[in-house]
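Trainee: structure here, sequence nowhere to be found:
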C-alpha cells in the first residue's frame, strides 16, 4: 500500500532490570517506527519515581538529544509509537500515559482498540471521573483506579476484565513491568530476553536490533508481571466466552515488518506465500517481468515471481529522502504528487508487458496515480495483482481506516476498477488463497473481518 | 530582587465573545510574562469544541507561528503563564488543563496555591480518582467532577467551596467563561472590557496593551460567569469563616508590574511610597546619589530619591540581550556570573558615597555578587537599603520560595549581613513603614506572613 | 531613539595569546551586542590554521552550542557583530571575512565605512578581482592582496593607505592580531589587557565584562600588531593631509553604552552633561516630572532632571520580553504597535505636566506613536526635549540612515513637528550646547556633520 | 556500497525562462540528492539581480520554508548539492558561488574536480587574487575575472580553456544560463525542456520528476548558452590534445540513479548487465538464493539472479527511518552499528547457501559487519560477489576516496579478504566483464583508473 490510507495504532516496547533501560527502549521504538510515526514516548522507573518524555514526531526527532535519554533514569522503561490524533498538538494523547492514583504512580502504553471504551467512559464520567485524553489507555487507567481490589495485580486484572476488544498493553510501576494481551490475541506481543533482563515488544524485529532472544509470545488472555524475582503469569478474567483467537491477518499482509515473527509465523514466509498463491490464482501469460510498488509489496512480489517463474524487477525507484518535513511549494499550482516519491525506470518498462503487485487496496487513489506514472514509461501492458482480497468492511480493532464508503471495492466492480486504474487487467487474491498462506491449523485463529465482515469480537 | 530566588505561580488571562480571542489571549499572556516564564498555554472555544496548545518557554517562543494561533479557533479563550515544575518535560503540568467529564469539556487556568490540596487529592485517589499532574487545577477539576450538583455553575461552586487557600482561577466551557477568586483575595484578578467583549486578567497591564478598559476587580469570594447574555455574579460558599482579606503584599513589593492596578491601588504609587518610607526611616547622610538594582527596584529607588532629595542615577547598566538560551562555556572554568547581566558605570561611582536600593532580599547570594561588582568601580562607601522588611517565613499561598533555612535573615543579623555583603551599612524597611505605603483602611486587608509569620489562612 | 531608524555597522573584538580566546570573544561580542544585532561571527587561530563561524542572529543565538565555541580552537580570535544587509540570507556579508591569499590565511573584521570603496572596487574589478560580498572588508582585503609589498605588515599598511573614511579594523593571521584605526579616529577602538593577554574592543564595556584592564585607545592613524613578542605600533600612511580628528559625536549621543569610555571620555558623563545643557537651554516651567523614552535616553534625562531640579520618573514601562522572534498575528488586522514595547504608568502621568526626553530624532515615526500612547494616560501637558540637535544630513562614515528626505527635520519646522507629535512644546539641544558637554580642547576633534553638514572627510 | 566510503562531489541543476525557476530547481536538487547530502544551494535571477540561498543539510532541510523559495525570485535559477568539507561550518564552500566582477554578477555551480586547480590558484594568488573558499569554482571564477577577453562568453571560454580535469559546470548571469562540460565528458550533464523552458541536470532523473523531456547530453568540450533567444553552442578551447572521452565508470556502478540515462546509456541496463557478467564469471553452485546489500546493489543483484537463474530475495530489511540526526546514546558503551540500518530475515536465511552481491568494495569495514550480522541468521554458506573490480587507485576527477592505503584490495588478497569478511567465497567482476556491460564502441570512452591506474587526464 503506497499511501497510508489505513493506519494502525501503535507499537509498544518495554524492558525491565537493565541498566540501559531507556536507551534500549529508544532503539526498540526505532525498530517499531513503522507501527506509528506521529508521536513517541518513553516512561522509565528508577525504583522510586517514574519519569516520562513524549512528543510528536519520529523516534529520532523526539529523542534527538542524549540529555533526554539520560533524564529517563532507571532500570525499567516502557515506550510507545503512535499515529496522530485530530486537533491541537495531539500531545494530550501521546503515550505512555503516566498517572498518580491510590496505589502510587503507574504508566501505560497500549496497542489496539477497545470496542466498549465509549460505554465505559460514559459510565465512569457519570460516576465522577475526568478524562484528559481520548485514549483507551485513559479508560483502562480509570477502571483500575475504580477497582475495589486491594493489590495492584488484582486491580489491573479487574480493569482488563472489563475491557472488550484488542489490546497489547504494557504497564510500568516503580518496581514491576506488566504486559497483557486480549483473549483474542488480535495484536502481536512477544517476550524476549537480553543480558538477563526481560523485554517485551510488539514485534520481534525490535529484539533483533538489540540482540535480544525471542522467548515466546504473550498468550492471548495472559498478563505477565516482570519483577526482580522473574516472570509470573496471570490469566485475565474473560469479559465473555471466547471461541477462537482472532489474530489480525492484516499484520501479515501489511503492518508488520517481514523480518518479524508474529502469531507463531515468519511474516516474510506468510507474505511470500500469499504472493505465490496470487500467482497461482491469477497468472499473466507472457509477461516480461513482475515488479512491486515499493517497499511494502516487495515480499509478496518476490513470491509471485518465484511461483510464476517470471523475473522480478525494480521498475519504480523510490526516493527515500522525502520526509515529513518536505515542503511542496506551489508557485504555479503544480503538484508533482507521487513523482516526488517514485520514478519509473523507462529503459526497463518501455514496450514491456508488466505485472505490478501491491499488497492491498483500500481507497486506490494513489495506485491510480502510480499507474498513470508507469504509463509515462510506455509499457505495452500493465497487469495489476493485489496480494490480498478486496477490503470491504471497516476494522474496529485498532486499524484506523477511511469511511467504508471510501473503500474502492465498495464502489466499483473489477471491470470498473480496471478502467479507473487504466490497467489491462486487475485481480485480487481470494480469501481462500490468503488463508492458504497460513498453516492449516491456524487458519481459524485469524480475524479477516475487513474482507468478509465476520467480526469475531462484538459487544453482544 | 535581581535573582528569582522567589517565584510566583502564575499569570492568567481570558476573553469571551471576541473574534480575536486566541490572538488577544496571546498578547495578554505576553503582557503578563513577568508572572511566569517557564511555560505558556492557551485553550480556546469555538462554541462547540475546545482546543488547547501549551508548551514550555516564553510566550513568544511557545506561540512562535501564526498557524498555532490560527489553530485555536473561536471567540473565547483562556491562557496561562507558569513557572516550571521539577522533573520530566514539565508538560504534564502546563496549563490550561483541558478535560472531558460528565458535563462535557472544560478547561481551567489557575494562579495561587491551595493549602488543602494534598488532603483533597488523597481523599479522591482513595475514592478512585487518577491524577495526571501535580497541579491544584487537577484537584479542583476532580472536585467538580465528583460534585453531586446538577448544573455546571453549581458543580464549580461546590468544587471551590472545598478549596482552601489562594486562587484566581479561570474556567472555559464551550459557551461560558468563569472567573473565580478566593475569599481572601490573595492574588489579583480584574475584569475589563474591549470591543464589547469581557476580559479577565491577573493584572491590568494586560488590559492596557490591548486597549481594554478596566471595569473592576473580581471580588474576594466571587465567581463571575460570562456568557453571550453578559456577566452574572455568584458568591462562592465559604470553606470556613473569613475575617479580613489577605492581599499579598509581595505583589506590590516585587511581583506585579508598576503600571498595573491591583487590590484597588496603583502598584507604582505603593511601591514608590515604600521607597519614600525607606528614606524616612533609613536616611544616609551626605550620599552622592542613590541607585537601584535594575529593573525591579527602580520605582522604590525613585521614591527614596524623591524623599531624600538625593539624585537618582543609573549606576548599573543591565544587558537585556541575555536570555534563557544564553550559554556560558567554561573552557578554563571561568564564570562571569552577574557581570553578564550588569556593568557598573565606573565614571559615575568612583570615589562616591552611594546608596543602593533593592526591593527585597531572600537568599542574598546575588546581592553579594553585585556589591562585589560595584566595588570594582571603587565607590567610597556603599549603603544598602531594602524597600521591604526581612523575609523570615515561607509562603503557602502561591509563592515558590527556597527552604526557610536558606533565608538570609534567618541566618544572620544585620551586622553579619553588612559584613557578608561588604556594605558600609544595611537597613530594611520596617513592617510599619511598609504598611504606611497603603491607604490606612486597607492595611488590615493584606497578608504579610512572610515577614511576621501571621498566616491569615490555615487549615485549623 | 526608540526605533532603530539609524543603524551603525558594527562592533569588533579581538584577543591574542589567551587560552580562552574564542570564549572571551563570545563574551566580548555579547557585551557589544548593541552595536549590531543581525549577524555575529568569530574567527580563531590555533597558530597554524584559522577557523571561522558566523551566522545571522544575536550573539546568544549564533553561538548557542558549546560545541561551536569549542570548534574555534586556538589562543587568538577576532569577532564581529553587524547589522543585516538587504537581500538573501545576508551570510555573504557576515564577518569576520576569512581568505587565502599569497601570504596565507587572513581574517578581517571591520567597523566603519570607506567613502572611496566603490571607486577602489571598480578599479580592482577592472583589473580582474572578484568580490563575494558588498563589504568594505572585501575591498581592503583585495587592496592588500594586490599590494606589491613583500611583508604582511607592509601589505596591510599599503592597503589601509588607500582607504579613505572610517575604519576600526582587526586582522587575524595564524600568528598575529592587527588593530588599525583611521586617521580621523571616527569610530572608537581600545586596547586592553587580561591575564597577560592583549585584547581590543570597540568599547571598553567589553573589557569590563571580562575583567580586562583598559590600557589606551588605538590612536587615529595607528596600526598595532600583537604577537607573542608584545605590541608593536605602526603609523598608517596618510591618504591625504589630516587636519583634526573627527570622532563621531553620535557615539556619545546614542550608539555607545553609557558604561563605556570612548574618545577619552565617559559616555555616561558626556551624555548626562548633554541632558544638563538641554535643561539649561530649554527649561519647562512648573513641570511635575521628567521622564525618558527608555532605555537609550535615560542618562540624558537624568542630567536634565539634575539640572532642572525636577523629579525623574519611570513613566513608560518597557517590556523586555519582546524579541526578534515575537510574532504579531493580525487576525482582525489590529496592530498593537508600540504598546507591545511600552506601557505608560497611568497613575503617575494622569493630570500631570510632564517633560519627555529622547536622545535624538531622525524620522520621528515612533516618537509620534509614543506621544499618542502617553496621551492615553491623560497628562495635562507633554513637553518633548531632544538631547541632540535636529538631524539634517546623512552620515557617510558608518551610520546607516534612511534617505535624507525622510529626516523629519528636513520636512517640518519645530511648530509643525509639535503639531505632528501632538506635544505642547518641542525643543532640541543646540550644536553649541552639545559641544559644551565635551572638554573644551576636544570639541574640534568631533564630527557633527549629521547636524551641520560639515563633512570632515571627503574625496576631494 | 553500504557505507559511503567514497563520495562524489556533487549534483547540479539549472533552468532558464520558467516562472517557477527556483521551485523547479528545488525539486531538481531533491531528485539529485543522492549526489550530495551535506549542503544545498540555489541562486536565482530576476533579470536584474541574482539572489542566493545555501545552507548545510539535505535539500528538504535547507529549503524547509516556502518563504525561502519565494525569496529566490525570477525566471532562471541554478542549484547545487554537495558533500561537506572539513572544518568550520563549511558554508564558505557551499555552492552556487555568487560574485561581483567587472562584467557584473555571476553565479557558478560545479560538479567534478580540476587537477590543476592548485597551480592555478597559487599563480593567481601571486598575482594578487584572494580566495574565500577551497572550491574549484573559486578558481574558475578568478580565471574568468582575470581574462583579457571582452565579452562574457569569451571570458568563460577563456577561463575553461585553462581548467584541466573533470567539470560539469553551470553559470548564471542576470540574463543567461551557461552549461559547460570538460572535453573528457567525465561527469554527466544533460539538457532537457519543459513548458518551453530549457533545463540542465547532472542526471535525467531530475527531468523525470519535473516531467521535462530529455533532449541530449551537453557534449564533452561543449559550452551552451541559454538565453531568451534559445540555445547557442560553443566549443571550449582544448587545454591539451584529447584522444578519447573518459566517462566515469563508477557513475554506472554506484553513483547515478538506475532510472537515469547518462553517457548515452540507461544506468539500470548497464548495472544489470554488470550483474549478469558477474554471474557468468563467478557462479556459485547450488545456491538457494541471491540477495543484495540494499539499496545500491539491488539492480546488479537482479542481473545476477536473472543470469544465474537463482531466486532473488530481500534477505536484509533496511530501516529507512535512520537519518542524519539519529543519535546513538551509549549509556553502557554499546553500539548497535549496522543493526540500526539492517536486519536479516532469519526465516529466509537460516540453513541456506546464499549469494550476497554488493556493487563495490573500497575499505570493506561495513561489509565485514554486515556479514557478521548475516551470520546471526545462521546461513549454511555465504558467498560474496562484487559487481565491479577491486578498487586499487584513487580518483582525481571528483570522487572523494579514503587514502589509498585504506583500500582493502591494496592490503589483502582475495583469500585474506574471504577470511577477513568470514565468507565462504569472494569474487569480483573482472575489468573485461565490467566493460562488456557497455556497448562495444563505447568501452574506450570510459575512465576506469580506480581499477587499473590508467589515468586518462594528467598534467603532463
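Mentor: Structure's in. What do you need? All values derive from a computational prediction rather than experimental measurement.
Trainee: just checking, residue A:182 touches residue A:112?
Mentor: Yes. Using CB atoms under 8 Å, residue A:182 makes contact with residue A:112 at a distance of 6.8 Å. For the C-beta atoms, the positions are set from N, CA and C on the backbone; glycine is no exception.
Trainee: need the residues touching each of those two.
Mentor: Residues touching both residue A:182 and residue A:112 by CB atoms under 8 Å, 6 or more residues apart in numbering or on different chains: A:165-168.
Trainee: now render those as JSON lines, adding neighbour count and secondary structure.
Mentor: What follows is the shared contacts of residue A:182 and residue A:112, written out as JSON lines (neighbours: other CB atoms under 10 Å in any protein chain shown; DSSP: H, G, I helix; E, B strand; the rest coil):
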{"residue": "A:165", "neighbour count": "21", "secondary structure": "strand"}
{"residue": "A:166", "neighbour count": "29", "secondary structure": "strand"}
{"residue": "A:167", "neighbour count": "26", "secondary structure": "strand"}
{"residue": "A:168", "neighbour count": "27", "secondary structure": "strand"}
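Trainee: of these, closest to residue B:279?
Mentor: Nearest to residue B:279 among these: residue A:167, at 70.8 Å, using CB to CB.
Trainee: contacts only, for the residue lying closest to that closest one once chain neighbours are set aside.
Mentor: Leaving aside its sequence neighbours, residue A:167 sits nearest to residue A:112 (CB to CB, 6 or more residues apart in numbering or on different chains; 4.0 Å). Contact analysis of residue A:112 by CB under 8 Å, 6+ apart lists A:9, A:136, A:165-169, A:182, A:186-187, A:397-398.
Trainee: could you do residue A:424 as well?
Mentor: Contact partners of residue A:424, counting by CB under 8 Å, 6+ apart, are A:381-383, A:418.
Trainee: those residues, buried ones only, as a ChimeraX selection?
Mentor: Listed next is the ChimeraX selection for buried residues among those, using 16 or more other CB atoms under 10 Å in any protein chain shown:
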select /A:382,383,418
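Trainee: does whichever residue of the stretch 251-400 of chain A sits closest to chain B belong to a helix, a strand or coil?
Mentor: Nearest to chain B, among the residues of the stretch 251-400 of chain A, is residue A:327, at 13.5 Å (CB to the nearest CB). Assigned with DSSP: H, G, I helix; E, B strand; the rest coil, residue A:327 falls in the coil class.
Trainee: is there proximity between stretch A:337-352 and chain D?
Mentor: Yes. Contact of stretch A:337-352 with chain D (CB under 8 Å from any CB of the partner chain) involves A:339-340, A:343-348.
Trainee: and which of these is nearest residue D:58?
Mentor: Looking across the residues of stretch A:337-352 next to chain D and measuring by CB to CB, the closest to residue D:58 is residue A:340, at 13.8 Å.
Trainee: grab the nearest non-local neighbour of that closest one.
Mentor: What sits nearest to residue A:340 in space, not counting adjacent residues and going by CB to CB, 6+ apart, is residue A:322, at 5.7 Å.
Trainee: show me how chain A divides into domains.
Mentor: By the assignment in automatic domain parsing, chain A contains the domains A:7-242, A:271-320+A:336-440.
Trainee: possible to save those as CSV with mean pLDDT?
Mentor: CSV is the format used below for those (pLDDT from 0 to 100):
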stretch, mean pLDDT
domain A:7-242, 93
domain A:271-320+A:336-440, 95
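Trainee: just the helices in the stretch 101-250 of chain A please.
Mentor: For the stretch 101-250 of chain A, the helices defined by DSSP state H, counting those that start in this stretch cover A:117-126, A:136-146, A:152-161, A:205-210, A:249-250.
Trainee: and those helices: which comes nearest chain D?
Mentor: So among the helices of the stretch 101-250 of chain A, helix A:205-210 is nearest, using CB to the nearest CB, at 5.0 Å.
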